[in-house]
Structures are given as structure tokens and as C-alpha cells.
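In: I need the structure of the sequence given here:
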Amino acid sequence: MANFMQLLMQEAERAKRNLKAAPGRVADQVSNFKEDWKGKDLAKAVKSEQLKPEQFKAAIEEVAGNAIPGGAGAAGIFIGPKSRLWNAGKADQAKKALAAGMTEQDVNAILGVSKGADGQLRQEISDLGATVERIPGRDNFNLVHPELEKAYPGLLDSMSTNFTVKPGARQNGSYTRGARALEATGSSSQDLLQVILHELQHAVQATEGFARGGSPNMFKRGAKFSNPKAVDLLEAEQLEAQKAIDKAVTHYNSMGENHPAKEIAKKQVTNKIAAYNSITPLQLYKRLMGEVEARNTVNRQFMDTAERRRTLPENSEDVSRTKQLHYSYSGNAITKAK
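Out: Numbers count the residues shown, from 1 in each chain. Just a heads-up that it's a prediction; the model follows:
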């Protein structure tokens, strides 16, 4: 508890210093604070027990997140320690707070640091200033992303890019690490931007050594880019699912015609068959940690500061972490989440 309170007080003091240096429009937002918090030293208030920890946490979220433009709550692409915008101090505090028993939800809300499905810490940069601009005289577009350039200077310039808008086209993109190539297509400029952000997250994953994305073909035996370990994993899951179907069918067949649970058993068979049918190359590809994270980058694109601070990245992912697959840049290993 002592470590928890110390961490909170450090954040409050940092937020207060930022507020003192902030422009008048920031000070105006402080009027949203509860009346009895105005003008008080929050750290001293906690020490004297005038302010409860949960109230203190809410105050910090107001000061450090909502009141400071581009502050701790601003988010978008997930970054790591190799980024120039990485806040090593907050990362260190997050490690200590998690070790002391603070929840990941609270660490994210207070420090803006979260843990990826691969166990590595993440921070987020803002995508709010990201736009695409048509290249004069051409059908291609350029990405303008000031925060990304600050975070990873020269990352975009180091890659061959091809960004296009085709009305009616479905979203499509790819990031090729070896060729240093990034391609994206969308039906509109906003559609295109989402695809680019998704693929840029893969580029960051490669830079940081995070869990990577892949393609459905890696789960297909004999296909281009097929990964034997991925194929083995798919076939092992199919085998387990088939065993579950066989067990459910045997149970159903053992019941008498008028058994009261006959319909329930029939539904269980149907559910087991559906589970088997969901084990496809496309579905396993979607379960890759790197793909889930890249989709989550887009999911969080329009969250405001307060919502991002409230929403742990894990909670906005579209695949449960227990079902995600870890695909590593080291040895191309692919394993189930632990």
C-alpha cells in the first residue's frame, strides 16, 4: 500500500507541475474538479487522509489526462522502449507498481503504461494528428503522422510505401519486413488511414521485437509462406475439436428418446461442430497477438483521452488473451498464450 500511495503522489506532483506551466485554457479545464479539490496539495491531502485513494486517483486522471493536451491519456499506436517517446520513468514505475500488486487497469489509468499479450510493456502515442494527403498529379497518398515521426524518426522514409484509395474497394494492406515495404488500400481517405495505422503497428512490432502478425497462408500446408509450426498447431486444435464432437455425440446417443436433457445435449453437439468449423487458417491468423494488437490500434483511434485511460488495451481487443497465439520474430515460433 505504501508503494501504491507513493506512486500516486509522484503522479500528482508531476501533474501539478505540468499544470503550472500550462496555458490558460488548461487552467480553465481544472474548473471541472470537485470544489473541495481546488487549490489543494493532493499529496498532502492523502497523507493527512483528507482524500481517499479512489478520490485521489480520479483527481490524477483529471489533471494528468483530461487537463493536459496530449498528456498521459493521449494514445493510438502502441510503442516500446526503442521509441524516442518512450517514457522510461513511467515504465519503471509501472513495473514496480505491478510487482507491488497494483492492477493493470490502475497502472494504465494512472501511468498510461499497459502490458501487451506477449508480456512486454507498451505505451501509446496519439494518432489524432495523422492524416493522408494525395500526392500531386498521382493517385497515391502520403501519410502525415507527426507523433510517429517523433517516436520513430525515419521509419516511414526507410520503407517503400504504396497508399491508394479505390472507391468500393475493401480494406487491404501488408507490411513486409525483409523488403521494408508497406502497402495499403481503402475505399476512402479515412478507410485508407485505418489500414495504414494497422500496418504501421506491424512495423513497430518488428522494430521492438513485439509479438508479430502474419497471414492466413502460414496455417496452410504447402502454401506460400506456410509455417510448419503453425500448420501443426491448427491440425492439433482440429483434432481436439473432433474429439470433443465425438464425445458430445456419444453422450447424446446414450440418452433415451424422452430424456429431459436430450435437447441440451443436441445443442452441445451443434456447438462443438461450430467450434470445429471455426478452426480455419483465417481464424487462427486473426488470433495472432500481433494481428489483434494492430486491429486494436484502429479500435482505439477515436477514443477520447478519458475513455482511453478508462479502457485497458486488453479490454478493447477483439480476441480474448487466453485464445491469442504468440508468433515470435525469434525462430518463427508460434505458441498458444500462457
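
In: count the neighbours of residue 207 for me.
Out: 16 (other C-beta atoms under 10 Å). Bear in mind the C-beta positions are built from the backbone N, C-alpha and C, glycine included.

In: grab the nearest non-local neighbour of it.
Out: Distance criterion C-beta to C-beta, 6 or more residues apart in numbering; nearest residue to residue 207, sequence neighbours excluded, is residue 82 at 5.8 Å.

In: surely the one you found touches residue 210?
Out: No. Between residue 82 and residue 210 there is no contact under C-beta atoms under 8 Å: 10.3 Å.

In: more neighbours: the two, which one.
Out: Higher neighbour count among residue 82 and residue 210: residue 210, with 24 against 12, using other C-beta under 10 Å.

In: how about the helices in the stretch 1-150 of the chain?
Out: 2-21, 24-29, 42-47, 53-60, 88-99, 104-111, 146-151 (DSSP state H, counting those that start in this stretch).

In: just the stretch 151-300 of the chain next, same as before
Out: Going by DSSP H, counting those that start in this stretch, the stretch 151-300 of the chain shows helices at 189-208, 228-253, 262-277, 281-286, 289-299.

In: what about residue 324, neighbour count?
Out: 22.

In: tell me who's in contact with it.
Out: 117, 287, 288, 289, 292, 337 (C-beta atoms under 8 Å, 6 or more residues apart in numbering).

In: in this protein, where is pLDDT below threshold?
Out: For the chain, residues meeting the criterion pLDDT under 70 lie at 1-75.

In: let me see the contact set for residue 261.
Out: Each residue near residue 261 by C-beta under 8 Å, 6+ apart is listed here: residue 255.

In: per-domain residue ranges of this protein.
Out: As assigned by automatic domain parsing, the chain contains the domains 2-73+82-117, 217-286.

In: just the CA atoms of stretch 77-87, as CSV, please.
Out: Taking Å, rounded to 0.1, in the frame of the first residue of the first chain, the C-alpha atoms of stretch 77-87 are listed here in CSV:
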residue,chain,number,x,y,z
ILE,A,77,-0.1,3.2,-31.9
PHE,A,78,1.5,1.1,-29.3
ILE,A,79,5.2,1.8,-28.8
GLY,A,80,8.1,0.2,-26.9
PRO,A,81,11.5,1.1,-25.3
LYS,A,82,13.2,1.7,-28.7
SER,A,83,10.9,4.7,-29.3
ARG,A,84,12.2,8.2,-28.7
LEU,A,85,8.9,9.0,-27.0
TRP,A,86,9.2,6.1,-24.6
ASN,A,87,8.9,7.3,-21.0
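
In: give me the number of neighbouring residues for the closest residue to residue 125 other than its chain neighbours.
Out: Among residues not flanking residue 125 along the chain, residue 147 sits closest, at 4.5 Å (C-beta to C-beta, 6+ apart). For residue 147, the tally of surrounding residues (other C-beta under 10 Å) stands at 20.

In: am I right that residue 147 is in contact with residue 83?
Out: No. Between residue 147 and residue 83 there is no contact under C-beta under 8 Å: 10.2 Å.

In: find residues that contact each of these two.
Out: Residues within reach of residue 147 and of residue 83 at once, by C-beta under 8 Å, 6+ apart, are residue 125.

In: about what we covered before: residue contacts, the residue nearest to residue 125?
Out: 76, 77, 85, 125, 126, 127, 129, 130.

In: that one and residue 271: what is the separation?
Out: Residue 147 is 45 Å from residue 271, where distance means C-beta to C-beta, to the nearest Å.

In: quick one: residues contacting the residue nearest to residue 85 when sequence neighbours are not counted.
Out: Nearest non-adjacent residue to residue 85, counting by C-beta to C-beta, 6+ apart: residue 151, 4.4 Å away. By C-beta under 8 Å, 6+ apart, the contact list for residue 151 reads 77, 79, 83, 84, 85, 125.

In: got the phi and psi for residue 170?
Out: Dihedral angles of residue 170 (phi, psi; degrees, to the nearest 10) stand at phi -80, psi 160.

In: state the distance from it to residue 295.
Out: In terms of C-beta to C-beta, residue 170 sits 15 Å off from residue 295.

In: thinking again about what came up before, what's the closest of the helices of the stretch 151-300 of the chain to residue 161?
Out: helix 189-208 (8.5 Å; C-beta to C-beta).

In: packing partners of that closest one?
Out: For helix 189-208, the packing partners by 3 or more C-beta pairs under 8 Å, 6 or more residues apart in numbering; DSSP states H and E come out as strand 78-79, strand 131-134, strand 140-144, strand 160-165, strand 172-176, strand 181-186, helix 289-299.

In: what lines up beside the first one in the sheet?
Out: Think strand 78-79. strand 121-124 (antiparallel) (DSSP bridges).
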